[in-house]
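Trainee: Could you look at this predicted model? Sequence included:
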Amino acid sequence: MPAPPWMDRLHAVADQHGLDAASVARLARLLEFVRDDPTAPTTVRDPAVAVDAHIADSLSALSLDEVREAQTIADLGAGAGFPGIPLAVALPAAAVVLIESVGRKCAFLGRAVEVAGAANARVACARIEEWPERDLDVVAVRAVAPLGVLVEYAAPALRLGGRLVAWKGRPDPLEETAAAGAAREVGMELARAVGLTPRPGADHRTLYVYSKVRETPAKFPRRPGMARKRPL
Ligand SMILES: C[S@@+](CC[C@H](N)C(=O)[O-])C[C@H]1O[C@@H](n2cnc3c(N)ncnc32)[C@H](O)[C@@H]1O
């Protein structure tokens, strides 16, 4: 049977990032699994769309040195596994943890990690506010909360100099201003905002990179839910 047309696009995306044939095969299996598993927690299931919406978008962070060089990465609010699983496939030397609070999504994630052969990825079924590990190099997060909440979520889990990388759409000055205040309180600071177009004609994408510049005060993390309920 001839390869479906989306495989051509997957090869092109993989070439852009220097991924080998084995990685392409893993990402293809992941796309097929998201298409075929009725419990996949995403509305974007068609591989012809998901190859860009999920794979190219997740891998776009490979343009950042701190992501390519990270030894430890947490995907906060991993959902169906994006951006964490494609990053784990692309960066086999990095240990990737997929943090997700909803049990049925964690079950899906466990199967997706196996299907993708991502031996360097594991699932942590927990809220980020209760997750105990520290000293991560990178927290990666797409579509979870406003930037001000994300800096509060990420700061306690990062090492000094570690980075939060947040996938956002067009820059939003109000969201940025709110996040600047929150970042100060938790020891984080905006390093840069990188504008990307994952492919011609696609939605605008901004990767916000925050750096942990000071120790986070011991009162963080606050109780589960507080960051959203009473933003800093
Ligand atoms: C809209 S989905 C995005 C999923 C994925 N990152 C993506 O972009 O396709 C947000 C996910 O974050 C999870 N989530 C939200 N707040 C969380 C928290 N405090 N700790 C852990 N997971 C959380 C939700 O359960 C949900 O699966």
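Mentor: On my side now, so go ahead. Residues are numbered from 1 along each chain as shown.
Trainee: going forward, measure contacts and count neighbours with C-alpha atoms only.
Mentor: Fine.
Trainee: Please report phi then psi for Ser58.
Mentor: phi -60, psi -40 (degrees, to the nearest 10).
Trainee: what's near enough to touch it?
Mentor: Going by CA atoms under 8 Å, 6 or more residues apart in numbering, Ser58 touches Phe82, Pro83, Gly84, Pro86, Leu87.
Trainee: so for the longest helix seen in the chain, what's the average pLDDT?
Mentor: What stands out as the longest helix in the chain, according to DSSP state H, is helix 21-36. In this model, helix 21-36 has a mean pLDDT of 98.
Trainee: quick revisit: who wins on neighbours among the contacts of Ser58?
Mentor: Gly84 (30 neighbours; other CA atoms under 10 Å).
Trainee: what's the closest non-adjacent residue to that one?
Mentor: Take Gly84 and drop its neighbours on the chain: the residue closest to it by CA to CA, 6 or more residues apart in numbering is Asp75, 5.1 Å away.
Trainee: who does that neighbour bridge with?
Mentor: Leu98, Ala140 (DSSP bridges).
Trainee: The closest residue to Arg142 other than its chain neighbours and Pro146: what is the separation?
Mentor: With CA to CA, 6+ apart as the criterion, Arg142 has its nearest non-adjacent residue at 4.8 Å, and that residue is Trp167. Trp167 sits 11 Å away from Pro146, going by CA to CA, to the nearest Å.
Trainee: Compare neighbour counts for the two and give me the winner.
Mentor: More neighbours surround Trp167 than the other of Trp167 and Pro146, with 23 against 16 (other CA under 10 Å).
Trainee: so what's that one bridging to?
Mentor: Arg142, Leu207.
Trainee: which residues does it contact?
Mentor: Here Trp167 is in contact with Ala140, Val141, Arg142, Ala143, Arg205, Thr206, Leu207, Tyr208 (criterion: CA under 8 Å, 6+ apart).
Trainee: ok so, going back, the residue nearest to Gly84 touches Val144, doesn't it?
Mentor: No. Using CA atoms under 8 Å, Asp75 is not in contact with Val144; the gap is 10.6 Å.
Trainee: Looking at the two, which is more packed in?
Mentor: Asp75 (25 against 15).
Trainee: Now look at the longest helix of the chain and say if it contacts the ligand.
Mentor: No. Helix 21-36 is not in contact with the ligand by CA under 6 Å from any ligand atom; minimum separation 11.3 Å.
Trainee: What are the contacting residues of that helix?
Mentor: Contacts with helix 21-36, where a contact means CA under 8 Å, 6+ apart, come from 7, 10-11, 14, 40, 45-47, 50-51, 55, 80, 86, 89-90, 112, 115-117.
Trainee: Make a PyMOL selection of the buried ones in the residues you listed.
Mentor: For the buried members of these, the matching PyMOL selection, counting by 16 or more other CA atoms under 10 Å, is:
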select buried, resi 7+10+11+14+40+45+47+50+51+55+80+86+89+90+112+115+116+117
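Trainee: Break down the chain into its strands, ranges please.
Mentor: Under the criterion DSSP state E, the chain carries strands at the ranges 72-76, 95-100, 121-125, 136-142, 158-168, 188-196, 205-212.
Trainee: my read: Lys212 touches Ala154, true?
Mentor: No. In terms of CA under 8 Å, Lys212 does not count as a neighbour of Ala154; the distance is 9.2 Å.
Trainee: isn't His204 right next to Val194, touching?
Mentor: No. Using CA under 8 Å, His204 is not in contact with Val194, being 10.8 Å away.
Trainee: Now flag whichever of the contacts of Ser58 is closest to the ligand.
Mentor: Set against the ligand, the nearest of the contacts of Ser58 by CA to the nearest ligand atom is Phe82 (4.9 Å).
Trainee: Much appreciated, bye for now.
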